[in-house]
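Asks: need the 3D shape of this:
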Amino acid sequence: MEHQKTVGIWVRVSTEDQAQGDSPEHHEKRGRMYAEAKGWHIVETYHLEAVSGKSVMGHSEAKRMMKDIKDGKISGLIFSKLARLARNTKELLEFADYFRDHDADLISISEAIDTSTPAGRLFYTMIAAMAQWEREEIASRIAASVPIRAKLGKQLAGEATFGYKWENKVLVIDEKEAPVRKLIYELFLKHRRKKTVAHELNKMGYRTRGGGQFTDTSVKRLLRNSTAKGIHLANYTTMRGGKWEVKPESEWVFTSCPAIVPAKLWDECNCMSSNQSGQLLTNS
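Replies: Residues are numbered from 1 along each chain as shown. Predicted structure coming up:
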């Protein structure tokens, strides 16, 4: 009698998918129905709800699944479609290599992929490349929209600088923080030293948005930020290799916003600063 194939069901549905009504239960049910139709024995289900497909191999459920493959607990993995396994071509191909090395199969219901066959392996490679291309196309469209949103003064990401807040995706003055932001310029104009300004602010009981004490570095950053005089800088940084880098000045976007201090006061303070470099490098 032929040994019954043991399989696991892979359920990965991102937060965005769930918001659109794509439930984990639906994908698990499809996998179970497929396995039952094939006469396979389901021994495990791997749940990765609200997990992006950009990188999944480091997830605890992925590690558990790979251990089960290595230990021979399952000899195949069922998922509703390739994009549900992962969207990163490198990881998809690493999965394929890992399964092949352990004589296990990847089974996609929608694409009818079964990597136990040469045709299935070829098709898997082609679909994996297409999934990566789709993800990069989406990222490219998002990147292209950033300068346009910035020029319209729309919120891009992250918190507003101290003294401001995003309200309905528009930058407005924070009535609680704005007086402190203004005081920073007035104290610097009087004392001409950032450490003294930080000391005075802390002595008065003021704290940063995170609840910490002001330092000469935080004072310097806030002094140099042009948002306080009504000029908001956006689209000036980008993430490369896990690190933030400053973009070329030609890509920076300046928009008008409510001012906390007069432009003359802002200019005086920045001209007075011994570390003034002539560039506006932050909106934090």
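
Asks: so where's the protein shaky on pLDDT?
Replies: Residues of the chain meeting the criterion pLDDT under 70: 1-2, 15-22, 116, 124, 127-128, 130-158, 235-244, 251, 274-284.

Asks: ranges for the helices of it?
Replies: 15-19, 24-38, 60-70, 82-85, 89-101, 118-151, 178-191, 194-203, 216-224, 263-272 (DSSP state H).

Asks: looking at these, which is nearest to residue 246?
Replies: Set against residue 246 and scored by Cβ to Cβ, the helices of the chain come closest in helix 216-224, at 13.4 Å. Backbone N, C-alpha and C define where each C-beta goes, glycine included.

Asks: what's the most buried one of the helices of the chain?
Replies: Per residue and on average, the most neighbours among the helices of the chain fall to helix 82-85, with a mean of 23 (mean count of other Cβ atoms under 10 Å).

Asks: kindly export that one (C-alpha atoms) in CSV.
Replies: In CSV, the C-alpha atoms belonging to helix 82-85 read as follows (Å, rounded to 0.1, in the frame of the first residue of the first chain):
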residue,chain,number,x,y,z
LEU,A,82,2.5,31.9,-5.0
ALA,A,83,2.2,35.4,-3.7
ARG,A,84,0.8,34.0,-0.5
LEU,A,85,4.0,32.0,0.1
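
Asks: how distant is it from the center of its chain?
Replies: 20 Å (Cα atoms, centre = their mean, to the nearest Å).

Asks: also stretch 29-41?
Replies: Here stretch 29-41 is found 35 Å from its chain centre; the criterion is Cα atoms, centre = their mean.

Asks: rewinding a little: relative to residue 107, which of the helices of the chain is closest?
Replies: helix 24-38 (7.6 Å).

Asks: can you lay out the helices of the chain as TSV showing distance to residue 49?
Replies: As requested, the helices of the chain are arranged in TSV below (distance: least, Cβ to Cβ, whole Å):
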stretch	distance to residue 49
helix 15-19	7
helix 24-38	5
helix 60-70	10
helix 82-85	12
helix 89-101	18
helix 118-151	20
helix 178-191	41
helix 194-203	45
helix 216-224	39
helix 263-272	48
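
Asks: wait, which of these is closest to residue 170?
Replies: Between those, helix 118-151 lies closest to residue 170; by Cβ to Cβ that is 11.8 Å.

Asks: distance check, residue 26 against residue 32.
Replies: To residue 32, residue 26 is 11 Å away according to Cβ to Cβ, to the nearest Å.

Asks: for residue 90, same thing?
Replies: Applying Cβ to Cβ, the value for residue 90 to residue 32 is 30 Å.

Asks: next: residue 186.
Replies: Between residue 186 and residue 32 the computed distance is 68 Å (Cβ to Cβ).
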